[in-house]
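Engineer: build me a structure from this.
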Amino acid sequence: MADFSLADLKTLRERLGTGMVDSKNALVEAGGDLEKATEILRLKGAKSNAKRADRSTSEGLVAAKESGNTATLIELASETDFVAKNDKFVALADAVLDAAVAAGATSVEEALAAPAAGGTVADLISNEAAILGEKLELRRLAVVTGDAFAIYLHKTSKDLPPQVGVVVGYTGADADTARSIAQHISFANPEFLAREDVPAEAVENERRIVEEISRGEGKPEAALPKIIEGRLGAYYKQVALLEQDYAKDNKQQVKKVLADAGITVSGFARFKVGA
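Structural biologist: Coordinates of the predicted model:
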């Protein structure tokens with residue numbers, strides 16, 4: 001029997017979050033050497049991570065944080081909702097977000113390379129994946145700039161952490177309206193801020209489609225230009241925030257609500273877990 005104490009076993013379990021049996025077996029294999037046992041468990045976890053590499057991650061959570069004139073939104077993914085609501089996973093998301101913000105990361109790649117817990121964010125996620133026994137990944141990261149921010153994190157189930165996250169950057173003093181717009185975005189899911197932001201090729205493709213549909217319906221040739229523009233307007237309402245009907249009052253467009261509140265939106269980001 002290897003020479004180790006209950007205190008060693010407790011230290012190892014707290015250090016890595018591993019189970020009693022795995023921790024005890026590692027200490028036995030390491031001959032009671034705590035550091036060697038830690039290495040054994042980490043290597044075992046790394047091998048398990050490699051086997052999980054091809055698994056899908058459709059669960060998880062979203063988290064956001066503002067710092068100065070930027071706000072960062074992330075999606076941290078897991079395989080199951082059981083892990084998504086685990087306190088260790090939630091704490092991992094907070095640590096990943098803090099590290100990404102501190103490093104000024106603007107992409108997933110930059111965030112994964114950011115320093116965290118004596119290594120990198122990538123190392124931190126890998127280590128926690130070994131402990132939790134699932135594939136975990138930082139799927140998305142977005143950074144929004146602005147003078148002020150409205151952050152809205154929505155729970156689709158009371159038993160789970162937030163599944164939909166929205167960050168709105170804006171100028172203005174009406175924080176309540178800004179938050180309401182963030183809630184609108186979580187529901188309406190616009191892709192762009194203004195119609196001018198929609199890529200020209202996307203507009204032309206939509207124009208081609210609605211023209212083909214209109215001609216197929218036998219619309220008069222003279223009326224086609226007006227009909228096509230009207231249908232393009234409906235398309236803009238789907239994809240551009242400022243063109244959308246306000247969720248709380250569909251008789252008003254979002255751009256009017258913002259104008260009346262003295263708010264100018266500089267940008268936004270929206271993530272939904274698994275989408």
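Engineer: summarise which helices and strands the helix or strand harbouring Lys237 is packed against.
Structural biologist: Using DSSP states H and E, Lys237 falls within helix 224-239. Under the contact definition 3 or more Cβ pairs under 8 Å, 6 or more residues apart in numbering; DSSP states H and E, helix 224-239 sits against helix 200-216. (Glycine included, C-beta is placed from N, CA and C.)
Engineer: what residues of the helix it packs on count as buried?
Structural biologist: For helix 200-216, burial by neighbour count (16 or more other Cβ atoms under 10 Å) applies to 206, 210-211, 214.
Engineer: let me have those in TSV, adding distance to Gly146 as columns.
Structural biologist: Converted to TSV, these look like this (distance: Cβ to Cβ, whole Å):
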residue	distance to Gly146
Glu206	29
Val210	34
Glu211	38
Ser214	40
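Engineer: reformat those residues as TSV; add distance to Tyr236 and pLDDT.
Structural biologist: As requested, the buried residues of helix 200-216 are exported to TSV (distance: Cβ to Cβ, whole Å; pLDDT from 0 to 100):
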residue	distance to Tyr236	pLDDT
Glu206	9	90
Val210	12	88
Glu211	16	88
Ser214	17	85
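Engineer: which of those residues sits closest to Leu124?
Structural biologist: Distance to Leu124 across these (Cβ to Cβ) is lowest for Glu206, with 43.0 Å.
Engineer: residues in contact with that closest one?
Structural biologist: Glu206 makes contacts with 232, 235, as judged by Cβ atoms under 8 Å, 6 or more residues apart in numbering.
Engineer: would you mark the buried spots in stretch 165-184?
Structural biologist: Of the residues in stretch 165-184, 165-170, 172, 174, 177-184 count as buried by neighbour count, 16+ other Cβ under 10 Å.
Engineer: quick one: end-to-end distance for that stretch.
Structural biologist: Across its full length, stretch 165-184 reaches 12 Å between end residues, using Cα to Cα, to the nearest Å.
Engineer: quick check: mean pLDDT of it?
Structural biologist: Stretch 165-184 carries an average pLDDT of 98.
Engineer: again with stretch 89-107
Structural biologist: In the prediction, stretch 89-107 has an average pLDDT of 97.
Engineer: mind exporting that stretch as PDB, just the C-alpha atoms?
Structural biologist: Extracted C-alpha coordinates of stretch 89-107, given in PDB (Å, rounded to 0.1, in the frame of the first residue of the first chain):
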ATOM      1  CA  PHE A  89     -18.800  24.800 -15.500                       C
ATOM      2  CA  VAL A  90     -20.400  28.100 -14.500                       C
ATOM      3  CA  ALA A  91     -17.200  29.100 -12.700                       C
ATOM      4  CA  LEU A  92     -15.200  28.100 -15.700                       C
ATOM      5  CA  ALA A  93     -17.200  30.400 -17.900                       C
ATOM      6  CA  ASP A  94     -16.600  33.300 -15.500                       C
ATOM      7  CA  ALA A  95     -12.800  32.600 -15.500                       C
ATOM      8  CA  VAL A  96     -12.700  32.300 -19.300                       C
ATOM      9  CA  LEU A  97     -14.600  35.500 -19.700                       C
ATOM     10  CA  ASP A  98     -12.400  37.400 -17.200                       C
ATOM     11  CA  ALA A  99      -9.200  36.200 -18.900                       C
ATOM     12  CA  ALA A 100     -10.500  37.100 -22.400                       C
ATOM     13  CA  VAL A 101     -11.500  40.600 -21.200                       C
ATOM     14  CA  ALA A 102      -8.200  41.100 -19.400                       C
ATOM     15  CA  ALA A 103      -6.300  40.100 -22.500                       C
ATOM     16  CA  GLY A 104      -8.400  42.300 -24.800                       C
ATOM     17  CA  ALA A 105      -9.300  39.300 -26.900                       C
ATOM     18  CA  THR A 106     -11.400  40.000 -29.900                       C
ATOM     19  CA  SER A 107     -11.600  36.400 -31.300                       C
END
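Engineer: what does that stretch contact?
Structural biologist: Here stretch 89-107 has contacts from 61, 63-65, 67, 72, 74, 76, 78, 83, 110-111, 113-117, 121, 124-125, 128, 132, 136, 138, 141, 143, 161, using Cβ under 8 Å, 6+ apart.
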